[in-house]
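A.B. asks: next one to model:
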Amino acid sequence: MRVAVMTAGSRGDIAPYTGLAHGLAAAGHEVTVATHASFGPLVEAAGVGLCPLPVDPRAELESGRGRALHASSTGAGKALRLLAMARALVGDMAPPLAALARESDALVCSSSLAPLGHALGEGLGVPSLGAFLQPLHATREFGPPVLRGRSYGPWGNLLTGHLGNLALDRVFAETVRATLRDLPAAAPGASRAVRHRARERQRWPVLHGFSPAVVPRPRDWRPGLEVCGYWWPHDPPGARLPDRVEAFLAAGGPPVFVGLGSATVPDPEHTGATVVRALRAAGLRGVVQRGWAGLRAREADDVLAVEEVPHSLLFPRMAAVVHHCGAGTTAAGLRAGVPAVPVPVQFDAGFWASRLVALGVAPRAVPLRALTADRLAAALVAAVRDPSHARRARQVAARVRAEDGTGAVAAAVGALAERRR
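C.D. replies: Numbers count the residues shown, from 1 in each chain. Just a heads-up that it's a prediction; the model follows:
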């Protein structure tokens, strides 16, 4: 069966789908991943096809519009700015997604493209399912992750969850209408999809790529919303750490990893210097990843600066990981079984940070806006010196490694294939 996996966003929004796509291919499907052209090497290394999308997310975050995200001090403000960015960009991605959907037998859609992917499936009569990295459906149990997971009470959580999803639908509304109008007249469900998108999505199956040990399935979710375990990024056979990283690791005790992934910061030089001062105050060596934030750390015997390295190979050899709490990096840290120090920057990062603290894997969160060398050093000492965090990290790692999130999606895609026959 020809399966299209559709996802957009930063590297953390793409990497898990490379492992998922590789697993679907191993199950016998012909898989194409539709994502930004800049992530083509990640996709192609997984041995699947690429449908390039035109938007460059890193360039957008580094633009004036992207930098303006830091002007908002609240989760709601940042979310509104992000939705405005998405509305301006989604129209450019619609034509290649529609072309791919017409050539596919099943669609697997991330949350970032769900409204458009679902509508294309309905309009073309192609079965589809959602594959989400965050728990975006409304629940009484916690607030919307994009608003940092803050609780507004049971009914407030439910209301803000519904309002957040309505706002996402509005981002896509104009593009969806235009795309469905352009479908061939023979498309079996185009007119129905225009009229009943919201009602149809209320029954849409959605699988979630995180562990129930980290976020248990909310008890008030409808049937069809499942939590199945993580999808791990695909690491090509023979992948290894660079020689300079191996040499640094061999030169002393386990260091601390520090990286902010695809998050950006207002002053990379100041943030990098703060990180180095904190590491030295805590008496720890560090591996500092430049990332999209452009963290600047002057190398020395106790500090190594790196670009992209496989987290699956590096994290297990760390004393702790300091990260921005994107969904993908959070998953990689949990899989490695080492303590964490969350430095949430924006969007769902606060939600994942609170989960790490609740699990006992992290002592506390140090949000970027409150980041100082003293605060980070104190959190590092607590994470590394208190053995309870390492013990709990190993326990959670054993749980998440035993799950087969990719297998669950492969089974669901197989069920779509049976339904299509």
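
A.B. asks: low-confidence ranges in the stretch 301-421 of the chain?
C.D. replies: In the predicted model of the stretch 301-421 of the chain, residues 419-421 satisfy pLDDT under 70.

A.B. asks: just the strands from it, written as ranges.
C.D. replies: 303-306, 320-323, 340-342 (DSSP state E, counting those that start in this stretch).

A.B. asks: for stretch 345-354, measure first residue to last.
C.D. replies: Terminal residues of stretch 345-354 lie 13 Å apart, using C-alpha to C-alpha, to the nearest Å.

A.B. asks: that one: how far from the chain's middle?
C.D. replies: Distance, stretch centre to chain centre, for stretch 345-354: 11 Å (C-alpha atoms, centre = their mean, to the nearest Å).

A.B. asks: next, give phi and psi for Leu20.
C.D. replies: phi -60, psi -50 (degrees, to the nearest 10).

A.B. asks: residue contacts, it?
C.D. replies: Leu20 makes contacts with 5, 108, 131, 209, 231, 405-406, 409, as judged by C-beta atoms under 8 Å, 6 or more residues apart in numbering. In short, each C-beta sits where N, CA and C put it, glycine included.

A.B. asks: how about the strands of the stretch 301-421 of the chain in TSV, adding mean neighbour count and distance to Met1?
C.D. replies: Putting the strands of the stretch 301-421 of the chain into TSV (neighbours: other C-beta atoms under 10 Å; distance: least, C-beta to C-beta, whole Å) gives the following:
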stretch	mean neighbour count	distance to Met1
strand 303-306	20	40
strand 320-323	30	36
strand 340-342	30	39
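
A.B. asks: reformat those as JSON lines; add distance to Ala415.
C.D. replies: As requested, the strands of the stretch 301-421 of the chain are exported to JSON lines (distance: least, C-beta to C-beta, whole Å):
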{"stretch": "strand 303-306", "distance to Ala415": "42"}
{"stretch": "strand 320-323", "distance to Ala415": "35"}
{"stretch": "strand 340-342", "distance to Ala415": "36"}
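
A.B. asks: any weak-confidence spans in the stretch 151-300 of the chain?
C.D. replies: For the stretch 151-300 of the chain, the ranges with pLDDT under 70 are 184-202.

A.B. asks: where do the strands of it begin and end?
C.D. replies: 206-208, 225-227, 256-259, 286-289.

A.B. asks: and those, which is most packed in?
C.D. replies: strand 256-259 (a mean of 27; mean count of other C-beta atoms under 10 Å).

A.B. asks: and the strands of the stretch 151-300 of the chain as CSV, adding distance to Asp13?
C.D. replies: Below are the strands of the stretch 151-300 of the chain laid out as CSV (distance: least, C-beta to C-beta, whole Å):
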stretch, distance to Asp13
strand 206-208, 14
strand 225-227, 18
strand 256-259, 16
strand 286-289, 18
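
A.B. asks: of all the strands of the stretch 301-421 of the chain, which one is nearest Pro145?
C.D. replies: Shortest distance between Pro145 and these, using C-beta to C-beta, is found for strand 340-342: 13.8 Å.
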